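**Student:** I would like the atomic coordinates for the input below:
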Amino acid sequence: MRDDITDIPNIRVGHDTNLEAGTGCTVIICDAPAIGGVDVRGGAPATRETDLLRPLHMVEEVHAILLTGGSAFGLDAASGVMRYLAERNIGFDVGVAKVPIVPAAAIFDLGFGSASVRPDADAGYRACVQATSDPVAQGNIGAGTGATVGKLLGPGFMMKGGLGSASMRMDDGTLVGAIVAVNALGDIIDPQTQQVIAGTRNPLGGFIASNPFGNTTIAVVATSASLSKDSANKVAQMAHDGLAQAIRPAHTMFDGDTVFALALGTASQVGTTQATAALQVSIIGAAAATTLARAIIRAVRNATELHGVPAAHF
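**Tutor:** Numbers count the residues shown, from 1 in each chain. Prediction:
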């Protein structure tokens with residue numbers, strides 16, 4: 001176990017990073033068709049292809065998910081991911097073509113580096129080319145490049161956010177992983193100690209209480225278990241508890257908080273009874289929340305100073 005999302009079989013992660021512009025994108029590629037789910041809790045999301053992940057809609061398989069900077073502009077990077085997959089004949093078969101299913105979500109980082117340079121289709125394609133099952137690079141990379149936290153007093157007192165990932169093995173051998181881009185106005189809290197580890201810096205030292213608005217965190221949780229589309233959506237819903245554990249506050253009307261879920265197990269793993277399946281989903285959802293909270297902490301701890309914005313020190 002490497003303690004990141006690539007511990008899940010058939011998942012590869014790639015990044016495209018522009019340090020000068022302070023932005024980038026991260027792609028999570030599924031080398032086997034995955035059942036997808038999503039839960040959007042923030043009132044101001046920037047997303048693409050989230051509707052088709054809901055249980056009432058037909059398409060179940062997901063081929064990649066994109067996390068990106070650049071606000072809504074950055075969603076264009078998903079077109080590059082689609083091009084990469086289409087060149088490899090990967091996608092949902094509609095008879096005349098295979099259409100890659102690539103849901104995406106973006107953070108707002110336009111005020112960090114350059115507001116005129118955003119991830120585009122070429123950036124998404126480059127991230128795919130770089131995708132690997134090796135340990136995930138974390139901190140100032142990909143979608144976490146322009147991420148910051150603690151912005152209550154303005155840019156002079158914020159700290160660096162970033163990209164983080166974590167994983168765990170459950171007692172029955174099921175694997176659960178998470179990857180997250182942390183770009184919050186508020187504070188990042190270590191769930192183990194309940195201490196602020198990054199947030200709005202007080203001019204006199206330490207931290208101050210954060211404003212109740214403006215957290216933006218986008219994430220993917222994945223499992224080696226086999227889940228139905230309904231169950232994948234439930235896991236995404238439960239995983240949001242990880243945000244509440246590590247970011248204070250979350251899910252306001254000004255948030256873009258979005259969590260995707262991916263299930264990559266085989267059909268033979270599905271619970272044989274309704275009660276068994278419900279128990280499995282509940283345990284995986286709880287594990288996803290805990291793992292996502294750890295990924296959020298790792299994002300901040302792996303971040304380094306960029307464009308004069310300091311990072312947390314441990």
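
**Student:** for R41, give me the pLDDT.
**Tutor:** With respect to pLDDT, R41 scores 87.

**Student:** now do it against A239, distance only.
**Tutor:** If you measure R41 against A239 using C-beta to C-beta, to the nearest Å, the figure is 10 Å. In short, each C-beta sits where N, CA and C put it, glycine included.

**Student:** what do these two both touch?
**Tutor:** When contacts are counted by C-beta atoms under 8 Å, 6 or more residues apart in numbering, the set common to R41 and A239 consists of V259.

**Student:** which one's more surrounded, these two?
**Tutor:** Neighbours per residue (other C-beta atoms under 10 Å) separate R41 from A239, with A239 holding more: 30 against 19.

**Student:** if I look at the closest residue to L175 other than its chain neighbours, how far off is K234?
**Tutor:** With C-beta to C-beta, 6 or more residues apart in numbering as the measure, S224 is the residue that lies nearest to L175, at 4.2 Å, once sequence neighbours are left out. Distance from S224 to K234, counting by C-beta to C-beta: 17 Å.

**Student:** let me see the contact set for the residue nearest to L175.
**Tutor:** S224 is in contact with I8, P9, T174, L175, V176, L264, G265, counting by C-beta under 8 Å, 6+ apart.

**Student:** buried ones in stretch 120-129?
**Tutor:** Within stretch 120-129, the residues scored as buried using 16 or more other C-beta atoms under 10 Å are D120, A121, A123, G124, Y125, R126, A127, C128.

**Student:** could you dump the residues you listed into JSON lines and include secondary structure and pLDDT?
**Tutor:** Below are the buried residues of stretch 120-129 laid out as JSON lines (DSSP: H, G, I helix; E, B strand; the rest coil; pLDDT from 0 to 100):
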{"residue": "D120", "secondary structure": "coil", "pLDDT": "98"}
{"residue": "A121", "secondary structure": "helix", "pLDDT": "98"}
{"residue": "A123", "secondary structure": "helix", "pLDDT": "98"}
{"residue": "G124", "secondary structure": "helix", "pLDDT": "98"}
{"residue": "Y125", "secondary structure": "helix", "pLDDT": "98"}
{"residue": "R126", "secondary structure": "helix", "pLDDT": "98"}
{"residue": "A127", "secondary structure": "helix", "pLDDT": "98"}
{"residue": "C128", "secondary structure": "helix", "pLDDT": "98"}
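
**Student:** next SSE after the longest strand seen in the chain?
**Tutor:** In the chain, taking DSSP state E as the definition, the longest strand is strand 23-40. Sequence-wise, the next helix or strand beyond strand 23-40 is strand 47-48, with elements assigned using DSSP states H and E.

**Student:** that following strand: partners in the sheet, and parallel or antiparallel?
**Tutor:** Applying DSSP bridges, strand 47-48 is found paired with strand 104-106 (antiparallel).

**Student:** would you map the strands across the stretch 1-150 of the chain?
**Tutor:** In the stretch 1-150 of the chain, strands defined by DSSP state E, counting those that start in this stretch lie at 11-18, 23-40, 47-48, 61-68, 92-93, 98-99, 104-106, 148-149, listed in chain order.

**Student:** buried residues in the longest one?
**Tutor:** Think strand 23-40. By neighbour count with 16+ other C-beta under 10 Å, strand 23-40 contains the buried residues 23-30, 33-40.

**Student:** mind giving me the packing neighbours of the longest helix along the chain?
**Tutor:** With residue count as the measure and DSSP state H as the assignment, the chain has helix 274-302 as its longest helix. Identification of packing neighbours for helix 274-302 by 3 or more C-beta pairs under 8 Å, 6 or more residues apart in numbering; DSSP states H and E yields strand 162-169, strand 175-183, strand 187-190, strand 195-198, strand 216-223, helix 229-246.
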